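**Student:** Predicted coordinates and the sequence they were generated for:
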Amino acid sequence: MTDEPTAPRRRNAAATRAAILASARHAFARAGYDGAGVREIAKGAGVTAMLVNRYFGSKEQLFAEVIANIMTTPDIFTEEILNSPHPGADMAAVLVEITKAGATPLDGFLIMLHSSSSERAAEIGREQIEDHYHRTLTAALSGDHAPQRAALVLALVAGVQAMRQMIGLTALTDADPAALVQLLTPVFQHLIDARTES
């Protein structure tokens with residue numbers, strides 16, 4: 001047996017970065033921007049707080065990247081749904097499915113909900129939403145007031161998530177899923193369809 005120190009294991013940069021992002025996503029979803037600390041995130045990723053800052057620069061930049069990363073794999077605003085012959089119905093169906101009884105709220109929704117009291121987190125969240133979901137949805141719409149219509153679609157989605165999963169409004173939690181889809185479909189479709197003013 002030798003007392004010589006073993007050579008340090010080479011760090012896989014991509015794997016380390018992914019581990020930090022995964023730990024941060026979990027921490028921010030659980031406790032929000034202010035409640036999650038860099039040391040907690042580092043511990044969850046099996047690295048040091050110094051390494052987290054080396055990879056992401058700051059907690060703010062890490063938060064922004066977590067949100068941006070989540071938005072690369074949307075559940076509702078997918079290319080398939082946006083290009084569907086019936087996007088309103090498809091959006092409604094997915095929204096009702098992901099907010100059904102027993103479903104775990106989406107990480108992105110939880111992160112923004114638990115971070116809403118932080119002014120800086122709200123700013124970062126707005127920037128990311130505008131750069132991703134809002135831009136994508138606006139580009140998919142035509143006609144007047146496309147940015148506003150896209151924003152209302154986003155607000156409707158967030159509102160249903162909050163009322164159905166967090167507040168637990170009985171009329172929504174106990175509703176027949178098919179009835180909710182039927183009610184939501186024309187609302188989404190009205191916002192998606194072009195309405196050109198004369």
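**Tutor:** Right, received. Where do you want to start? Numbers count the residues shown, from 1 in each chain.

**Student:** What about residue 180, how many residues nearby?
**Tutor:** Residues near residue 180, counting by other Cβ atoms under 10 Å, number 20. In short, each C-beta sits where N, CA and C put it, glycine included.

**Student:** ok, now which ones touch it?
**Tutor:** By Cβ atoms under 8 Å, 6 or more residues apart in numbering, the contact set of residue 180 is 92, 96, 172.

**Student:** I'd like to know which of those residues are buried.
**Tutor:** Neighbour counting by 16 or more other Cβ atoms under 10 Å classes 92, 96 among those as buried.

**Student:** Include distance to residue 108, pLDDT and secondary structure when you put the contacts of residue 180 into CSV, please.
**Tutor:** Rendered in CSV, the data for those read as follows (distance: Cβ to Cβ, whole Å; pLDDT from 0 to 100; DSSP: H, G, I helix; E, B strand; the rest coil):
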residue, distance to residue 108, pLDDT, secondary structure
92, 19, 98, helix
96, 18, 98, helix
172, 20, 97, helix
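
**Student:** could I get the contacts of residue 180 as JSON lines with distance to residue 183?
**Tutor:** Shown next, in JSON lines, are those (distance: Cβ to Cβ, whole Å):
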{"residue": "92", "distance to residue 183": "8"}
{"residue": "96", "distance to residue 183": "10"}
{"residue": "172", "distance to residue 183": "10"}
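
**Student:** Give me the buried positions along stretch 90-106.
**Tutor:** 90-96, 98-99, 105-106.

**Student:** Helices - which of the residues you listed land there?
**Tutor:** 90-96, 98 (DSSP state H).

**Student:** The one residue sitting closest to the centre of the chain and residue 193, how far apart?
**Tutor:** The chain has residue 108 as the residue nearest its centroid, 2.7 Å off, counting by Cα atoms, centre = their mean. Per Cβ to Cβ, to the nearest Å, residue 108 is found 26 Å from residue 193.

**Student:** What of residue 47?
**Tutor:** 49 Å.

**Student:** Looking at those two, which one has more neighbours?
**Tutor:** Higher neighbour count among residue 47 and residue 193: residue 47, with 19 against 14, using other Cβ under 10 Å.

**Student:** The more buried one reaches residue 18, doesn't it?
**Tutor:** No - with contact defined as Cβ atoms under 8 Å, residue 47 and residue 18 do not form a contacting pair (11.5 Å).

**Student:** and the longest helix for this structure?
**Tutor:** Per DSSP H, the chain has its longest helix at helix 13-35.

**Student:** Where does pLDDT dip in this structure?
**Tutor:** By pLDDT under 70, the weakly predicted segments of the chain are 1-11, 195-198.

**Student:** show me the contacts for residue 100.
**Tutor:** Residues near residue 100 by Cβ under 8 Å, 6+ apart: residue 177.

**Student:** and residue 63, which of the three is it?
**Tutor:** When classified by DSSP: H, G, I helix; E, B strand; the rest coil, residue 63 comes out as helix.

**Student:** so it touches residue 28, yeah?
**Tutor:** Yes - at 6.5 Å, residue 63 and residue 28 qualify as touching, with contact defined as Cβ under 8 Å.
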